[in-house]
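Asker: here is a sequence together with a model predicted from it:
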Amino acid sequence: MSIFFIQAGTPGFRPVLDENDETLSDAVESIFLLNTESAVMAWNHISIPLSYKYDIGYMLDDLLYLLKCIRQVDTGEVTIHWLPDTFRCDWHITWNHGQMEIQSCWECTVGHLENLLNDNSRISIPVPHFVSEWKAVFCNVADGLKKSGYDENRIRGMRQLSEQLSLMGHKGILYRE
């Protein structure tokens, strides 16, 4: 049985708008603190910390693209090359009528978990479960950006983030009542 969930945490951020930011990644890197609470992804019982400042910031555009693809067609596949130094891996994602499979190849993580992760590289979960696990993370990002003065007219990708949030149902398994 595959295990996939995300503990979103409560990351600290600086509510200061940087006029030079143009993208979601720029803005997330500007507002979230380096030494704050991380999100924690559980992948087949292996906990992987995800820094909001760098990991989540770099992943957002790819996640938004993936979620859009999943919503547009019942069957498909996408390969994502995650590039952050502390979350360097490739995911080959396929989905078919509500079920998703991710085959991963891990190269670098915080804690040097690559060998353990590569020994447990595949997960198979319902698409709605995967989507719901990102909602609390997206809520943290959107809340921080809005409180810092960012809006859909200021940075690229903010509109897509808001749209995906509005389409997501409930939050992940750790946040259900």
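Answerer: It's in.

Asker: doesn't His170 make contact with Ser132?
Answerer: Yes - with contact defined as Cβ atoms under 8 Å, Ser132 reaches His170; the gap is 5.7 Å. Using the backbone N, CA and C atoms, a C-beta is placed for each residue, glycine as well.

Asker: more neighbours: which of the two?
Answerer: Neighbour count, other Cβ atoms under 10 Å: between Ser132 and His170, Ser132 has more, with 20 against 13.

Asker: where in this protein is pLDDT low?
Answerer: Applying pLDDT under 70 to the chain flags the ranges 177.

Asker: dump the residue contacts of Gln7.
Answerer: Each residue near Gln7 by Cβ atoms under 8 Å, 6 or more residues apart in numbering is listed here: 39-40, 42, 174.

Asker: mind giving me the packing neighbours of the longest helix along the chain?
Answerer: Assignment by DSSP state H gives helix 127-147 as the longest helix of the chain. If contacts are counted by 3 or more Cβ pairs under 8 Å, 6 or more residues apart in numbering; DSSP states H and E, helix 127-147 sits against strand 4-7, helix 24-31, helix 57-72, strand 99-109, helix 158-167.

Asker: using PDB, write out every CA atom in the second one.
Answerer: What follows is helix 24-31 as a C-alpha-only set of coordinates in PDB (Å, rounded to 0.1, in the frame of the first residue of the first chain):
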ATOM      1  CA  LEU A  24       5.500  33.000  -7.600                       C
ATOM      2  CA  SER A  25       9.000  31.500  -7.100                       C
ATOM      3  CA  ASP A  26      10.500  34.900  -6.600                       C
ATOM      4  CA  ALA A  27       7.800  36.100  -4.200                       C
ATOM      5  CA  VAL A  28       7.800  32.800  -2.100                       C
ATOM      6  CA  GLU A  29      11.600  33.000  -1.800                       C
ATOM      7  CA  SER A  30      11.300  36.700  -0.700                       C
ATOM      8  CA  ILE A  31       8.700  36.200   2.000                       C
END
